[in-house]
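Enquirer: Give me a model of this one.
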Amino acid sequence: MHEKIMEVFQVLHMNGGVGEKSYANNSLVQKKVISMTKPITEEAIINHYISGKFSTTLAIADLGCSSGPNSLFVVTELIKSVHKICKKLNLESPEFQLYLNDLTSNDFNAIFETLPSFQENLRTQMGPNFGPCFVMGVPGSFYGRLFPPNTLHFVHSSYSLQWLSKVPEGVENNNKGNIYLASTSPPSVVKAYKEQFQRDFSVFLKCRSKELVDGGSMVLTILGRQNQDPTSKDGCYIWELMAMALNQMVSEVFTDII
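Expert: Have a look, this model is predicted:
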């Protein structure tokens, strides 16, 4: 019997909705990171205008937008920065094309339901000269092409690129008791994860290089660690705890069966 194996991009997503356990209500750390990188993002947008690359339409993509308040928080701050620099340079505010991307299983409906209030708040804050704003969902993996050539002026991605496109080949039977890198992972597993990230990131950059206009910009925020040990607790501790919990659950099931 043929068994269909589900790809990562078909099943992986943050917890949707707006309930107690939803991503929308459990993503404060991610919002803080976005706020921390705000000066860098603003500088990139401002430099785009100072360099003379004016456009009547500005296309912005947030890759790995997830769902909840953070999804529109990023683009709201970008729009404010553009509006501010346009007023300073006595330029007309452009029309905005906002592309929100995540995997196909993401809860895009939760985002779309907030769009009326999002648009109203922008008009209130920006005033009558604020340009039209068009928001589009773009479901799909960013480890592949998402847009036609020369479409985007600015790409943003925060805390998303640490997710690989798939489980590295050859680690399933060589990383017993773990669901990610851990102190007990052999060197071959560490090497497999490293090489998979290198392949994925190269594909990501190649795709975006085709989709960005000449002179376009990107701001990418990626989860890192404070030392060179790939199995340090900086990046692996939470996964070790999760592996312990899953192993305990499996053990309890087998005990009940016996």
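
Enquirer: partners of the residue lying closest to F142 once chain neighbours are set aside in the sheet?
Expert: Excluding the flanking residues, the one nearest F142 by CB to CB, 6 or more residues apart in numbering is L63, at 4.6 Å. C-beta here means a position set from N, CA and C on the backbone, and glycine is covered the same way. When assigned by DSSP bridges, L63 has beta-bridge partners N101.

Enquirer: centroid residue for this protein?
Expert: In the chain, the residue lying closest to the centroid (CA atoms, centre = their mean) is G64, at 2.5 Å.

Enquirer: ok, that residue to S183 distance?
Expert: For G64, the distance to S183 (CB to CB, to the nearest Å) stands at 28 Å.

Enquirer: picking that back up, so what's the residue nearest to F142 up against?
Expert: Contacts for L63 (CB atoms under 8 Å, 6 or more residues apart in numbering) come out as 101-102, 142, 146, 155-157, 160.

Enquirer: Return the closest of the residues you listed with respect to G68.
Expert: Among the contacts of L63, D102 lies closest to G68 (CB to CB), at 11.3 Å.

Enquirer: so how far is the first residue of stretch 155-175 from its last?
Expert: Taking CA to CA, to the nearest Å, the first and last residues of stretch 155-175 lie 35 Å apart.

Enquirer: before we move on, what about stretch 59-78?
Expert: Start-to-end span of stretch 59-78 (CA to CA) is 11 Å.

Enquirer: next one: the longest strand anywhere in the chain to chain centre, how far?
Expert: Ranked by residue count under DSSP state E, the longest strand found in the chain is strand 212-221. Centre-to-centre, strand 212-221 and its host chain are 15 Å apart (CA atoms, centre = their mean, to the nearest Å).

Enquirer: Can you list phi and psi of N129 for me?
Expert: Dihedral pair for N129: phi -90, psi 10, per degrees, to the nearest 10.

Enquirer: contacting residues for it?
Expert: Contact analysis of N129 by CB under 8 Å, 6+ apart lists 92-93.

Enquirer: pLDDT at it, what is it?
Expert: What the model reports for N129 is a pLDDT of 74.

Enquirer: Next one: it relative to G170, how far apart?
Expert: Using CB to CB, we find N129 at a distance of 57 Å from G170.

Enquirer: ok, now K80?
Expert: 47 Å.

Enquirer: Those two: which is more packed in?
Expert: Counted by other CB atoms under 10 Å, K80 and G170 do not tie: K80 has more neighbours, with 16 against 12.

Enquirer: Phi and psi next, for the residue nearest to E195 when sequence neighbours are not counted.
Expert: Using CB to CB, 6+ apart and skipping residues adjacent in sequence, the residue nearest E195 is P168, 7.1 Å away. Phi and psi for P168, reported as degrees, to the nearest 10, are phi -60, psi 140.

Enquirer: Quick one: neighbours of P168, just the number.
Expert: P168 is flanked by 21 other residues according to other CB under 10 Å.

Enquirer: In this structure it contacts A192, no?
Expert: Yes - counting by CB atoms under 8 Å, P168 does reach A192; the two are 3.8 Å apart.
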